[in-house]
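A.B. asks: Test case, fold it:
(one chain, ligands or ions: 1)
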Amino acid sequence: MIVVTGATGQLGRLVISALLKKVAAADVVAAVRNVEKAKDIAALGVQVRASDYNKPESWDAALKGADRVLLISSNELGQRAKQHRVVVEAAKRSGVKLLAYTSVLRADASVLGLAAEHKATEEAIRASGIPYVLLRNGWYTENYDSVVKSAVNLGSVYGCASDGRISAAARVDYAEAAAVVLAADGHAGKTYELAGDTAFSLAELASEIGRQAGKSIGYVNLSEPEYKKVLLGVGLPEPYAALLADSDTGISKGALYDESRQLSRLIGRNTTPISVTVKSAL
Ligand code: NAP
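C.D. replies: Numbering: from 1, shown residues only. Predicted structure coming up:
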């Protein structure tokens, strides 16, 4: 039995779809905090179990009988290490035989502010003694969906990543990799640095958007405080604006660049290029 947490999220839904191509629906459990939101998942024959990262008491029932668990990282910044520990501890009590975790590229050495909670979670997983596999995901190409739209309106892409390169891949690529490690033996103890095959800078992203939109679009490189101000100006809450600006600075230092191609090797095909994401966002 394979349990997927965060199964109603964007990545979680794609993991469930990818798993159903490899194993029977009866062997898959979707652990979700809002059961109502998972009606379509239940309709696929997948068992849906209520569980909340903020409710430690909900996890023993959610993981009952689980052989393998995919812990999809929470989206509640600042709370994540604590929330993830709840699942790790329940997995330990339940005798889970493989715990997979969606971390971030080179979590142990990353300069990204967002890596701290992933690093703390990885340490908790290692300390638990549960056989584990770390899926250290790079950036999603879909992170640039809103950038594509605003660039067409404003004529520019804004950021503070300088000429840093980003090895992004689509959520569907990372989801397929998760399904590969969950559905087959031989992945315990491995740490995968997962990223896209083809890297791009924000200037190259701007020119790709311009090419597809049929207009001239450039990249404007700001300082980190200036970029944060732009993000606050378009309505992002402070912690997210700070996180995105910090991430761009990390990108300028190579934090989201990777040329190992471990993701395409795991899924047996090339990763989705940014041009596809730009097209669908347009
Ligand atoms: P998402 O769509 O925001 O999904 C997050 C999932 O976490 C949702 O299913 C949400 O439940 C669940 N969740 C949040 N708080 C919870 C709680 N207290 N208890 C139980 N479940 C809870 O994010 P995503 O796109 O699928 O990405 C998955 C994760 O990757 C994110 O949460 C974040 O940690 C990370 N991430 C990575 C990148 C990247 O570029 N690599 C970008 C953004 C995020 P509901 O469905 O009920 O809301």
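A.B. asks: List the contacts of whichever residue of the chain sits closest to the ligand.
C.D. replies: Evaluated by Cβ to the nearest ligand atom, the chain has residue 9 as its residue closest to the ligand, separated by 2.3 Å. Glycine gets a C-beta too; all of them are placed from N, C-alpha and C. Neighbour list for residue 9: 72, 75 [criterion: Cβ atoms under 8 Å, 6 or more residues apart in numbering].
A.B. asks: going forward can the numbers begin at 37, since that is how I track them
C.D. replies: Got it, first residue is 37 now, which makes that one residue 45.
A.B. asks: any idea how far it lies from residue 132?
C.D. replies: 20 Å (Cβ to Cβ, to the nearest Å).
A.B. asks: Show me which residues of the stretch 137-286 of the chain are close to the ligand?
C.D. replies: Within the stretch 137-286 of the chain, the residues that sit near the ligand (Cβ under 6 Å from any ligand atom) are 138, 173, 175-176, 179.
A.B. asks: Next up, the contacts around the residue nearest the centre of the chain.
C.D. replies: Nearest to the mean C-alpha position of the chain, by Cα atoms, centre = their mean, lies residue 173 at 5.7 Å. Applying Cβ under 8 Å, 6+ apart, we find residue 173 in contact with 138-141, 210, 230-231.
A.B. asks: Return the subset of those residues lying in helices.
C.D. replies: Judged by DSSP state H, these include residue 210 as members of helices.
A.B. asks: Residue 151: which of the contacts of residue 173 is nearest?
C.D. replies: Using Cβ to Cβ, residue 140 comes nearest to residue 151 of the contacts of residue 173, at 5.2 Å.
A.B. asks: and the gap between that closest one and residue 235?
C.D. replies: When distance is defined by Cβ to Cβ, residue 140 is 16 Å away from residue 235.
A.B. asks: ok, the two, which is more surrounded?
C.D. replies: Shown here are residue 140 and residue 235; by other Cβ atoms under 10 Å, residue 140 has more neighbours (26 against 18).
A.B. asks: What ranges does the chain have for its helices?
C.D. replies: Counting by DSSP H, the chain has helices at residues 46-56, 75-78, 95-98, 116-130, 151-164, 181-190, 207-219, 238-249, 260-269, 274-288, 298-303, 310-317.
A.B. asks: Report pLDDT for residue 106.
C.D. replies: pLDDT for residue 106: 98.
A.B. asks: Identify the residues contacting it.
C.D. replies: By Cβ under 8 Å, 6+ apart, the contact set of residue 106 is 38-41, 51, 136-138, 214, 218.
A.B. asks: if we can go back for a sec, between the helices of the chain, which gets nearest to residue 145?
C.D. replies: Distance to residue 145, taken as Cβ to Cβ, is lowest for helix 151-164 among these, at 8.4 Å.
A.B. asks: For the closest one, enumerate the helices and strands it packs against.
C.D. replies: Helix 151-164 sits against helix 116-130, strand 134-140, strand 168-173, with contacts defined as 3 or more Cβ pairs under 8 Å, 6 or more residues apart in numbering; DSSP states H and E.
A.B. asks: For that helix, buried residues please.
C.D. replies: Buried residues in helix 151-164, counting neighbours by 16 or more other Cβ atoms under 10 Å, are found at 151, 153-158, 160-161, 164.
A.B. asks: got a winner among the residues of the stretch 137-286 of the chain next to the ligand for most neighbours?
C.D. replies: In terms of neighbours by other Cβ under 10 Å, those top out with residue 173 at 27 neighbours.
A.B. asks: Now residue 175: closest residue in space, sequence neighbours ignored.
C.D. replies: Excluding the flanking residues, the one nearest residue 175 by Cβ to Cβ, 6 or more residues apart in numbering is residue 204, at 4.1 Å.
A.B. asks: Appreciated, that's everything.
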